[in-house]
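K.L.:
Fold the stuff below for me.
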Amino acid sequence: MKEALTIGVIGLGNAGTPILYNLYKSNNYKLVAFDIDTKKLNSIPQKVVKASSIKNLTKQCNAVITCLPKPEHILEAVDGENGLLQNASVGTVWIDTSTTNFKQTQKLANKAKTYGVLMLEATLTGGVHALQNNNMVCLAGGDKETFKIWKKVLQDAIGEVVVLCGDIGAGAITKVVSNMLAFTNMVAASECMMVAKKAGLDLENFFDAIRVSAGNSFAWETVVPHIFNQKYEAGFTMDLACKDMNLSYLLGRDLKVPLDLHMEVKKKMDKARTQYGDKEGCYVYPRTLEDELDESLSMKGWDNWGYDIKVVDGSIVVKHKNRPLSKHPQYNSKNNG
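P.N.:
Down below sits the predicted model:
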């Protein structure tokens, strides 16, 4: 790659803004940004060039990273007369971090080739907190050689752990399945916490006991503290969570795989979205149980809780921050985790 590589970021939401700042902090690139919300655009560092349009951004960049909420937003940004593909120079690389439909991704990647544009998927997992610390995991898809060349950019933008899942489409499939598992575990974790509450167990002690049991999961480690502090992960909305659950449904339909358990979880997620609204946090499902049974699962002392992630022996590990002291000494290390 040439020195002073110019990278554009389209979409300054919960993913695009930290990605832009991670690249900015690396001090390795010239940066250009665009968002339809001028307030977001005006709040970024002065050294970042503010593009007037996607067309304007694309003409300035060697690579463009899209960070958009839904498949239709990607299509709008990339395709058409004023989109990325028709205005990119030959050799431009398009990196898409969005969670989207794998068939659309494959079609757009093939279309990109006709314009001389290379595509990489760079889907994200691990939570916005981790991305803000440049420590999220990237589930990539694309050509091996292109991936090898651009891996350093993905690490600077997202985090050190970047996994090539396969050809274009593999990143979208892996991310959608990851979210399927996370939300299924979230629903299960919520129901288990309510069982513990109804049984009169100490909820914090119960939380820690499951953490060292065969029932542990990323969702258990991160959903339960959100239940305790009643914040429900507001950084990722129910609107987007249910969008991802529908992508999972489409994945099963297209590949002719029955997803009976997934469909039950999808119903519960849709119910929570209807009950509390599109903008509520994606972990709000436990509130449906709390309201139905008139039983709160909140706990004092968890207001400032947060987490980071670390990959140990190939597996993601949650590192808790600012949690109350546990009754179990092994959880009371320097970072409380």
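
K.L.:
give me the number of residues near residue 41?
P.N.:
16 (other CB atoms under 10 Å). Using the backbone N, CA and C atoms, a C-beta is placed for each residue, glycine as well.

K.L.:
thought it was touching residue 20?
P.N.:
No - the criterion here is CB atoms under 8 Å, and residue 41 misses it with residue 20 at 10.5 Å.

K.L.:
Need the residues touching each of those two.
P.N.:
12, 33 (CB atoms under 8 Å, 6 or more residues apart in numbering).

K.L.:
Assumed residue 316 was part of a helix.
P.N.:
No - according to DSSP: H, G, I helix; E, B strand; the rest coil, residue 316 belongs to no helix; its state is strand.

K.L.:
Can you check the pLDDT for it?
P.N.:
At residue 316 the predicted local distance difference test score is 91.

K.L.:
Now do it: how many residues are near it, please.
P.N.:
15.

K.L.:
Beta-bridge partners for it, please?
P.N.:
residue 311 (DSSP bridges).

K.L.:
The one 5 residues further on too?
P.N.:
In this structure, residue 321 has the following beta-bridge partners (DSSP bridges): residue 306.

K.L.:
Is there a neighbour count for it? I'd like the number.
P.N.:
If you count neighbours by other CB under 10 Å, residue 321 ends up with 14.

K.L.:
Renumber starting at 34 from here on
P.N.:
Shifting the count to begin at 34 puts that one at residue 354.

K.L.:
And it, how close does it get to residue 345?
P.N.:
In this structure, residue 354 lies at 17 Å from residue 345, with CB to CB, to the nearest Å as the measure.

K.L.:
what's the answer for residue 172, then?
P.N.:
From residue 172 to residue 345 the distance is 18 Å (CB to CB).

K.L.:
who's more crowded, the two?
P.N.:
More crowded of residue 172 and residue 345, by other CB under 10 Å: residue 172, with 26 against 8.

K.L.:
Touching, residue 43 and residue 94? I think so.
P.N.:
No - using CB under 8 Å, residue 43 makes no contact with residue 94, being 9.9 Å away.

K.L.:
Tell me the pLDDT of residue 298.
P.N.:
Value for residue 298, per-residue pLDDT: 97.

K.L.:
Correct me if wrong: residue 137 contacts residue 109.
P.N.:
No - using CB under 8 Å, residue 137 is not in contact with residue 109, being 11.9 Å away.

K.L.:
Need phi/psi at residue 96.
P.N.:
With angles defined as degrees, to the nearest 10, residue 96 shows backbone torsions of phi -140, psi 150.

K.L.:
Find the residue closest to it in space, skipping its chain neighbours.
P.N.:
With CB to CB, 6 or more residues apart in numbering as the criterion, residue 96 has its nearest non-adjacent residue at 4.3 Å, and that residue is residue 126.

K.L.:
Need the CA coordinates for the least confident helix or strand in the chain by mean pLDDT. CSV is fine.
P.N.:
Ranked by mean pLDDT, DSSP states H and E, the weakest helix or strand in the chain is helix 161-165, scoring a mean of 86. Written as CSV, here are the backbone C-alpha positions of helix 161-165 (Å, rounded to 0.1, in the frame of the first residue of the first chain):
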residue,chain,number,x,y,z
VAL,A,161,-19.6,-1.3,20.7
HIS,A,162,-17.6,-0.9,24.0
ALA,A,163,-14.8,-3.1,22.5
LEU,A,164,-14.9,-1.2,19.2
GLN,A,165,-14.4,2.1,21.1
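
K.L.:
What is it packed up against?
P.N.:
helix 49-59, strand 339-345 (3 or more CB pairs under 8 Å, 6 or more residues apart in numbering; DSSP states H and E).

K.L.:
swap the cut-off to 7 Å and go again
P.N.:
strand 339-345 (3 or more CB pairs under 7 Å, 6 or more residues apart in numbering; DSSP states H and E).
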